[in-house]
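# Dropping the sequence and predicted coords here.
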Amino acid sequence: MNYMLKYKEWLLSDYFDEGTKEELRGIEDNEKEIEDRFYRELDFGTGGLRGVIGAGTNRINKYIIRKVTQGLANYIINYSDDGKERGVVIAYDSRHRSDEFALEAALVLAANGIKVYLFDELRPTPELSFAVRELRAIGGIVITASHNPPEYNGYKVYWEDGGQVVPEKAHEIIAEINEIDDFELVKWIDREEALEKGLLEYIGEEIDDRYIEEMLKVLDNRELALKKGKELSIIYTPLHGTGYKPVKRILTELGFGNLHIIEEQAVYDPDFSTVKSPNPEDFSVFKMALDRAEKYEPDLIIGTDPDGDRVGIVVKDLQGNYVGLTGNQVGVLLSDYILDQLKKADKLPENGVIIKTIVSTEMAGKVAENYGIELMDVLTGFKFIGEKIKEFEESGDKTFIFGFEESYGYLAGTYARDKDAIVATALIALMTLNYKEKGQSLYEHLIELMDKYGYYKEGLSSIMLEGKEGQEKIKNVLIKLRREKQESFCGIRIIEYSDYLERRRYNCLTGEETEIHLPESDVLQYRLEDDSILTIRPSGTEPKLKIYFMVKGNSKEDADKRLSSLQSGFLGEINEILDEL
């Protein structure tokens, strides 16, 4: 069925409410908008289902939420004999209609006889991951669009191990969703009936307590924080999201009494009205915090995103200016700190592993090597780190220590299976205090690590390509790069080429070809003669082509220069390809 027929079906069907129809009537003279809303159905990417809120199949709305949940319900019923009884945990963040969408999902599951544990108010995504394991549920759902702009919302599915569903399982769930060709096939009951039948149960404080209790077990060096925590000045902003209560609680319990919260950004505001976008990767979100820096003289400024799974930090550089550290830099600092603490306590496991994604810094490998620890790469998306934790537990041959990705996501411990800004915030505070006691700032320690391992620097560029035409261009860029095997980029020879869709790695110098032992993914990665690395892939959650750059220099200035040159040169070449398509 083409997009115009679907549009008319939504207008004429008695199933869709009058508010939805009124919204659609408002675009009847805009065929391009109609096409964008109906040319496809949203699909699962690295972060699940995500889209702009509104009427249509290519939008997030209660009907799409219901249909997706019916597909998930069918999968649970077909997958497990006890899945209905074990139930599904549902959490949501502070975005527009998150609470409504969470309840809609709950009522569809309940109508299918599946027990639902629904949080009584918004909670961070990693607590959902913990709750799935704590309650021994068959799965979980989080209604969130992470750090996307306010017009977005989303739907992430978790399985019984507490991790996001990996591609194979996601495809199976999608197959169930695609079997539903009529919205009226979706089952639904009202809230009162779900409660009366015992199929809907609200959860809250008791899970919060267990979550914090298990998190505290991960945190070493707590004695120092109890004695000296008040000497560390911290400014924290939750950016209008779910991190506010748990971050305040964990830092207070650890002993960080000199904590200053940006109260204007502690309000649950779905418009995120104090920032352009609630993304802690963006230095501009720290403006309010920086405005208070003179008053509080912070050693550390911390910000978490709306669903509490990503964290960004700001510290003083060697000149006394406040600068944001990248996700890669924080990942390296935490890797080194955690390994150092374990080594000093004589707790460093011989089979220990640190896990990062293929687009995260190579410097982490040098840190791990220094401690005799394995560094493992996985595909982009924290679900793949969670998957490895499960594998380690089942095989018993490796011990998970720490995992991170360049996009500001970190996890220590195995109580959860997704990145956790709450535990990361606590670790960052403990780490900063540890170095302060030694007369060293966090930035100074970072420079010390670079002096030791090399001046690594990374960058990310995203090319926005919206709509059906944009999706086709993203697809065709990668097809063209695969078809026309390049010998160099930016005048620098390619020495190794990895195609994660074909799962093959090619040595351009020897002609040797090896298998990549990771799942299929539409990613191309090039290692250049000067040790630079280029990676290109479509975003799993937004209409973007994402390009990652990694360089290594002899100094900070050399690394900066190399990165700038590589970014400008490669983006020019990619834009030339886009112009040809």
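Looks like it came in fine.
# Next one: residue 542 from residue 277, what distance?
For residue 542, the distance to residue 277 (CB to CB, to the nearest Å) stands at 12 Å. Yep, even glycine has a C-beta here, placed from its N, CA and C like the rest.
# who has more neighbours, these two?
A direct count of neighbours by other CB atoms under 10 Å for residue 542 and residue 277 places residue 542 higher, at 19 against 15.
# ok now do that one, which residues does it touch?
Residue 542 makes contact with 50, 148, 462, 464 under the criterion CB atoms under 8 Å, 6 or more residues apart in numbering.
# Could you identify the buried members of those residues?
50, 148 (16 or more other CB atoms under 10 Å).
# was I right about residue 478 contacting residue 547?
No: checked against CB atoms under 8 Å, the pair residue 478 and residue 547 is beyond contact range at 11.5 Å.
# Pull up the overlap in contacts between those two.
residue 536.
# And the longest helix along the chain, what's buried?
The helix that spans the most residues within the chain, counting by DSSP state H, is helix 556-580. By 16+ other CB under 10 Å, the buried positions in helix 556-580 come out as 559, 562, 563, 565, 566, 567, 570, 574, 578.
# of the residues you listed, closest to residue 74?
residue 578 (39.9 Å; CB to CB).
# nearest spatial neighbour of the closest one, skipping sequence neighbours?
residue 473 (6.0 Å; CB to CB, 6 or more residues apart in numbering).
# quick one: contacts for that neighbour?
Contacts for residue 473 (CB under 8 Å, 6+ apart) come out as 465, 545, 578, 581.
# Residue 362 too?
With CB under 8 Å, 6+ apart, residue 362 has these contacts: 456, 533, 550, 552.
# Determine which two of those residues are furthest apart.
It's 456 and 533 that sit farthest apart of the contacts of residue 362, by CB to CB, at 10.3 Å.
# what secondary structure does residue 11 sit in?
Here residue 11 is recorded as helix under DSSP: H, G, I helix; E, B strand; the rest coil.
# Do I have it right that it meets residue 22?
No: in this structure residue 11 lies outside contact range of residue 22 using CB under 8 Å: 10.1 Å.
# what about those two, which has more around it?
Between residue 11 and residue 22, residue 11 has the larger neighbour count (other CB under 10 Å), namely 14 against 10.
# separation between the more buried one and residue 60?
19 Å.
# With residue 313 instead?
Using CB to CB, we find residue 313 at a distance of 31 Å from residue 60.
# can you pull the pLDDT of residue 147?
What the model reports for residue 147 is a pLDDT of 87.
# tell me, how many neighbours does it end up with?
25.
# Which secondary structure state is assigned to it?
coil.
# again with residue 201
Under three-state DSSP, residue 201 comes out as strand.
# Tell me how many other residues surround it.
The tally of other residues near residue 201 (other CB under 10 Å) stands at 15.
# same thing with residue 512?
Neighbour tally, residue 512, other CB under 10 Å: 10.
# need the contact list for it.
Contacts of residue 512 (CB under 8 Å, 6+ apart): residue 506.
# quick check: domain ranges of the chain?
Annotated domains of the chain cover 40-203, 211-453, 455-580 [automatic domain parsing].
# and the longest one, what's its mean pLDDT?
Taken as a whole, domain 211-453 carries a mean pLDDT of 97.
# How far away from the center of its chain is that domain?
14 Å (CA atoms, centre = their mean, to the nearest Å).
# still on that earlier bit, widest-spaced pair of the contacts of residue 473?
Going by CB to CB, the pair spanning these furthest: 545 and 581, at 11.4 Å.
# now the strands for the stretch 351-500 of the chain?
For the stretch 351-500 of the chain, the strands defined by DSSP state E, counting those that start in this stretch cover 352-357, 374-378, 399-405, 409-412, 455-464, 488-489, 492-499.
# who does the shortest one pair up with?
Read that as strand 488-489. strand 492-499 (antiparallel) (DSSP bridges).
# ok, then the element right after the partner strand?
Per DSSP states H and E, the first helix or strand lying C-terminal to strand 492-499 is strand 504-507.
# Mind checking what helix or strand follows that next one in sequence?
Scanning forward in sequence from strand 504-507 by DSSP H and E, the next helix or strand is strand 513-515.
# That following strand - contacts with which helices or strands?
Contact here means 3 or more CB pairs under 8 Å, 6 or more residues apart in numbering; DSSP states H and E; on that basis strand 513-515 packs against strand 504-507.
# what separates the longest helix of the chain from the chain centre, distance-wise?
26 Å.
# any residues touching it, and which ones?
Contacts for helix 556-580 (CB under 8 Å, 6+ apart): 447, 450, 455-459, 461, 463, 465, 473, 477, 480-481, 489-491, 530, 532, 534, 536, 545, 547, 549, 551-553.
# Of these, select the buried ones using a PyMOL command.
Selection of buried members from those for PyMOL, criterion 16+ other CB under 10 Å:
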select buried, resi 450+455+456+457+458+459+461+463+465+473+477+481+489+490+532+534+536+545+547+549+551+552+553
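# Tell me which of the contacts of helix 556-580 fall in helices.
Using DSSP H, 447, 450, 473, 477, 480, 481 are the members of these that sit in helices.
# Hmm, residue 318 and the first one touching each other?
Yes: counting by CB under 8 Å, residue 447 sits close enough to residue 318 to count as a contact (7.1 Å).
# ok so, going back, of all the domains of the chain, which lies closest to residue 29?
So among the domains of the chain, domain 40-203 is nearest, using CB to CB, at 15.7 Å.
# chain center to the closest one, what's the gap?
Relative to its parent chain, domain 40-203 has a centroid offset of 18 Å by CA atoms, centre = their mean.
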